[in-house]
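J.: Give me the fold of what follows.
(one chain, ligands or ions: 1)
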Amino acid sequence: MATPDYVLGSDDAEIRRLQTQAAIIAEPTELLFRRGGLTPGMRVLDLGSGPGDVSFQVSQIVGPDGSVLGLERDPAQLAVAEQRRDAMGLTNVAFRSGDARTFVADEPFDAVVCRLLLMHLPDAVDVLAHHRRNLRPGGVFVAVDYDMSGVRARPEVELFTRVGSWLEAGFRHAQADPSVGMLFPVLFRDAGFADVGTLGLQLYWPPDNSEAAGYVVGVVRALHDAILASGVVTADELDLDTLEQRLGEQIRAAGAVWTVPTIVGGWGRRA
Ligand SMILES: C[S@@+](CC[C@H](N)C(=O)[O-])C[C@H]1O[C@@H](n2cnc3c(N)ncnc32)[C@H](O)[C@@H]1O
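T.: Numbers count the residues shown, from 1 in each chain. I've put the predicted structure just below:
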């Protein structure tokens with residue numbers, strides 16, 4: 001299957017947004033990677049490594065006796081990841097350019113991971129199956145991705161509900177699946193993995209969370225063209241310049257607790 005163009009781009013604002021997002025979802029990511037089977041000493045391949053946050057987190061889990069190779073297709077993301085690694089003085093993390101769908105390792109890894117990549121790959125089952133051959137027998141694949149169907153506010157805030165529907169429409173227009181996490185049990189099974197497991201973790205924000213509106217609107221900004229192309233909303237109605245302020249105000253006025261997408265971990269072992 002042909003892969004559609006990656007929709008989120010890689011300008012400076014988007015690379016910064018990924019780092020902000022990475023900090024917000026660091027805790028569930030770590031819990032899910034450990035639950036999926038990452039342990040000290042492992043050699044790990046990180047697919048779609050972006051600005052490097054997952055590789056850096058995994059390097060802490062595997063420790064000095066382990067190592068991480070981040071694979072990324074976009075040169076701008078790779079350059080930022082390398083600069084950050086050097087600034088942190090990490091010696092067990094390397095990055096290289098490559099396509100996550102077709103990369104073949106010289107030597108099998110103990111684990112392959114990816115976060116927020118499978119949602120962009122309509123052929124996710126084929127990609128998972130492909131990487132079985134990059135794992136040693138007994139090695140694990142651990143994926144972390146979103147299930148957007150859990151996004152809501154209580155009490156409901158109409159603007160937030162609409163923003164959720166715009167994001168859903170934008171991702172779908174770009175042939176991305178923002179709820180791919182919900183499919184993990186069948187994707188891993190169909191890709192031929194053993195001991196398949198799936199667990200979703202949910203963050204809940206208080207009404208006055210200072211970073212929440214910026215986080216949500218950051219995704220809208222990255223997806224803006226796809227959202228408009230989907231026809232779900234006009235540029236005037238969306239009004240990107242004022243959206244963050246309006247959203248934050250309406251959530252606070254309603255005293256609403258709101259959620260980000262459920263962070264889902266899926267894993268399986270190469271038999
Ligand atoms: C949403 S970002 C996630 C980055 C990082 N994994 C994280 O969770 O912070 C997805 C990344 O995957 C990269 N990507 C998309 N398709 C890819 C492919 N076929 N091969 C390698 N990288 C890819 C993008 O360039 C981008 O850096």
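J.: what's the nearest residue to the residue nearest the centre of the chain if we skip its chain neighbours?
T.: In the chain, the C-alpha nearest the mean C-alpha coordinate belongs to Leu116, at 2.0 Å (Cα atoms, centre = their mean). Nearest residue to Leu116, sequence neighbours excluded (Cβ to Cβ, 6 or more residues apart in numbering): Asp145, at 5.9 Å. C-betas here are computed from N, CA, C, even on glycine.
J.: wouldn't that neighbour be in contact with Leu117 here?
T.: Yes: using Cβ atoms under 8 Å, Asp145 is in contact with Leu117, at 7.5 Å.
J.: Skipping adjacent residues, who's closest to Ile61 in space?
T.: The nearest residue in space to Ile61 (Cβ to Cβ, 6+ apart) is Leu38, at 5.0 Å.
J.: What is the burial count for the one you found?
T.: As a burial measure, Leu38 scores 22 neighbours (other Cβ atoms under 10 Å).
J.: any weak-confidence spans in the stretch 1-150 of the chain?
T.: Scanning the stretch 1-150 of the chain for pLDDT under 70 picks out 1-3.
J.: Going by residue numbers, what spans are helices in it?
T.: Along the stretch 1-150 of the chain, counting by DSSP state H, counting those that start in this stretch, helices occupy 12-24, 26-36, 53-62, 75-88, 124-132.
J.: Kindly reformat those as TSV containing distance to Asp110 and mean neighbour count.
T.: Converted to TSV, these look like this (distance: least, Cβ to Cβ, whole Å; neighbours: other Cβ atoms under 10 Å):
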stretch	distance to Asp110	mean neighbour count
helix 12-24	23	16
helix 26-36	12	18
helix 53-62	9	22
helix 75-88	20	16
helix 124-132	13	20
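J.: Same list (the ones you listed) but as JSON lines, adding distance to the ligand.
T.: Conversion of the helices of the stretch 1-150 of the chain to JSON lines gives the following (distance: least, Cβ to the nearest ligand atom, whole Å):
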{"stretch": "helix 12-24", "distance to the ligand": "5"}
{"stretch": "helix 26-36", "distance to the ligand": "8"}
{"stretch": "helix 53-62", "distance to the ligand": "5"}
{"stretch": "helix 75-88", "distance to the ligand": "4"}
{"stretch": "helix 124-132", "distance to the ligand": "8"}
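J.: I'd like the ones you listed as CSV, with distance to Tyr6 appended.
T.: As requested, the helices of the stretch 1-150 of the chain are exported to CSV (distance: least, Cβ to Cβ, whole Å):
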stretch, distance to Tyr6
helix 12-24, 11
helix 26-36, 20
helix 53-62, 16
helix 75-88, 10
helix 124-132, 14
